[in-house]
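# coordinates only, sequence not included:
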């Protein structure tokens, strides 16, 4: 913020507020600067704030007082010449109300968009955060192994997804990092399939995309394909291409590597095998308090990797009507390269499971 | 939209997109008008869109092409003189990118904020939606009754919250409508308490705030306080005040009643009993595809109730350090009054439960 020459920033992104203050509620903004820090919240959270971030100044509003009014009060008290705001997480409606309320007061501050400043700081994890992500990986992997051990052919995708959530909690997760994907055969051609009533044994393979959220709020994100019966010959070829692409993507991860170049390293393998048009999404994304955060790995992403970033690497090939394969691991950027945090086996022969 | 004189609206609110199209994925916008309807999405959703809303025109982008570029293409093809957008769900960053991309094209449309037009349409439910909400209530109530039947003193808030989620699914829910609140004794003073490691038997009462989400995506939202052992004398008084306030609030619900007047009817009871400053939040909110939607019942809300609206009525009294009581039901506004959709008993004597 000193670099930007701003005396204060209005943080409206919920995960940014949590990251900066420790407060885990919602509907609250933080006005923060080199010389001030005020959490603007409401009476539902008075006690929780005193527990989670005692010592922080707070402005508490009740149901009679709208948020923009509380923001204007705090900004006026701080006598700010300028006020940064987060354009990605401030809606047009909120911005109009806040700028209206602020410009009504004396010596109203100039509003300046600061982009994703806090999100960029969050993208580089410290050792406590990395430990939390390792824990989220552990919970997801233990839950997954337990789920595989009880997998049955006549269970539906939705039943298995619930079982997986339950088992991750069994190993300490607060809950799933996101609604798990369990997609049988042709359903796996939908990169974001919702689990439904298809039974696990209805096709020869199942795609799982799942993760755990720790009680500290950090998340993991993995994808594996399991082979449950007669293997379609095409599957082994596609699986091999995706796995090779994923390994090339991971290999490209080191400090200073451009986000584009990592995407390129994986995408090239899939394109060379003739499946380029069946891999439409980006290669990966940061994980942390949010399941999708900075940085993004894609053909159009700008920026480079830095030590402490934790990113997913998840290439896929999706053939409509037939099915799809995606393989995803979580990777930490280290000082001199990378460390793969996830360890569920991923060789083709590892993917074969016995189901009842 | 004809009333507004707009040829098209860009819908960015995810639940509004779902409500208008049936599409349940994310990261997708809808350009809709009297003469056009184009869903702007990406390759992850191609198959899902063809299943959920076949017949709708689509503009699919891949990882190389940003959303604002796809929006500009669709808008240019439609040759629009003006384009409405949803100010509450369009971030400043998105708006800047879209307006930049659009104004670059020939005959660029004027961008006009339309407020919460679609959200207001959504606030009045049709018979299919009311049936879905009834189902969500049923799933929540069956799950809750089953949870109470297995409640044990040495279980933690978090374990019980997970058990409740599991049991709602047992009765057909896709999942919880939101992360359930299970708050023992003093924890109940936090209106939005997160379930933690406190054991159910550690105090004489427990607050539950929970709901179910159907596979169709509709939600229910209830709150009850259960008395598990020696009842603090103060509790019966406070419970009585909250219950009376809640009944007065429900009684005030009819078509044409102002949102303010319903809040007032309940809040007056709590104020008259001397607890006004311990009820800081609004009286209730609409439920549907979102857990919090239009209309809002609060001292500052504008507007009136209309048939088909489904709202929560949830007054509470929260005493920091001691505990809190909130009682919440879901109420349908009918042609000539209201119907309470929820039926978990709520008299003080009903709240007493035996736990092992």
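Perfect, I can see it now. Small disclaimer: the values here were computed from a predicted structure and weren't measured.

# which ones are touching the nearest residue to residue A:150 once chain neighbours are set aside?
In space, residue A:150 comes closest to residue A:163 once its chain neighbours are excluded; the distance is 6.9 Å by CB to CB, 6 or more residues apart in numbering or on different chains. Where you see a C-beta, it was placed from the backbone N, CA and C, and this is true even at glycine. Contacts for residue A:163 were tallied using CB atoms under 8 Å, 6 or more residues apart in numbering or on different chains; they are A:147, A:150, A:155.

# does the first one sit in a helix, a strand or a coil?
Put plainly, it is residue A:147. Under the three-state scheme (DSSP: H, G, I helix; E, B strand; the rest coil), residue A:147 adopts helix.

# The nearest residue in space to it that is not next to it in sequence: which element?
The shortest distance from residue A:147 to any residue that is not its chain neighbour, by CB to CB, 6+ apart, is 4.6 Å, and that residue is residue A:164. Counting by DSSP states H and E, the secondary-structure element that holds residue A:164 is helix A:157-170.

# now that helix against helix B:157-170, angle please.
170 degrees (axes from the mean of the first three to the mean of the last three CA atoms, to 10 degrees).

# Figure out how far helix A:157-170 is from the centre of its chain.
For helix A:157-170, the gap between its own C-alpha mean and the chain's C-alpha mean amounts to 20 Å (CA atoms, centre = their mean, to the nearest Å).

# looking at it, residue A:162 is touching residue B:168, isn't it?
No. In this structure residue A:162 lies outside contact range of residue B:168 using CB atoms under 8 Å: 10.5 Å.

# quick one: contacts for the closest residue to residue A:280 other than its chain neighbours?
The spatially closest residue to residue A:280, leaving aside those adjacent along the chain, is residue B:43, at 2.6 Å (CB to CB, 6+ apart). Under the criterion of CB under 8 Å, 6+ apart, the contact list for residue B:43 reads A:191, A:280, A:281, A:318, B:60, B:61, B:62, B:63.

# Please apply the same query to residue A:227.
A:204, A:205, A:235, A:351, A:352, A:353.

# Over to residue A:160?
Residue A:160 makes contact with A:147, A:151, A:182, A:195, A:200 under the criterion CB under 8 Å, 6+ apart.

# among the residues you listed, which two are most distant?
In those, two members sit farther apart than any others by CB to CB. They are A:151 and A:195, at 13.8 Å.

# Looking at these two, which has the bigger crowd around it?
A side-by-side neighbour count of residue A:151 and residue A:195, using other CB atoms under 10 Å in any protein chain shown, places residue A:195 first with 23 against 20.

# Look at whichever residue of the stretch 201-350 of chain A sits closest to chain B and report its pLDDT.
For the stretch 201-350 of chain A, the residue closest to chain B is residue A:280, as judged by CB to the nearest CB, at 2.6 Å. With respect to pLDDT, residue A:280 scores 92.

# Quick check: residue A:231 vs residue A:205, distance?
The span separating residue A:231 from residue A:205 equals 7 Å under the rule CB to CB, to the nearest Å.

# Among the contacts of residue A:163, find the one with the greatest number of neighbours, please.
residue A:147 leads these on contacts (other CB under 10 Å) with 21 neighbours.

# related to what we said a few turns ago, ok, now which ones touch the residue nearest to residue A:147?
When contacts are counted by CB under 8 Å, 6+ apart, residue A:164 is found next to A:143, A:144, A:147, A:176, A:180, A:182, A:208, A:210.

# Number of residues surrounding the last one?
What it means is residue A:210. Residue A:210 has 26 nearby residues by other CB under 10 Å.

# Equivalent analysis for the first one, please.
Residue A:143 has 26 neighbours, counted by other CB under 10 Å.
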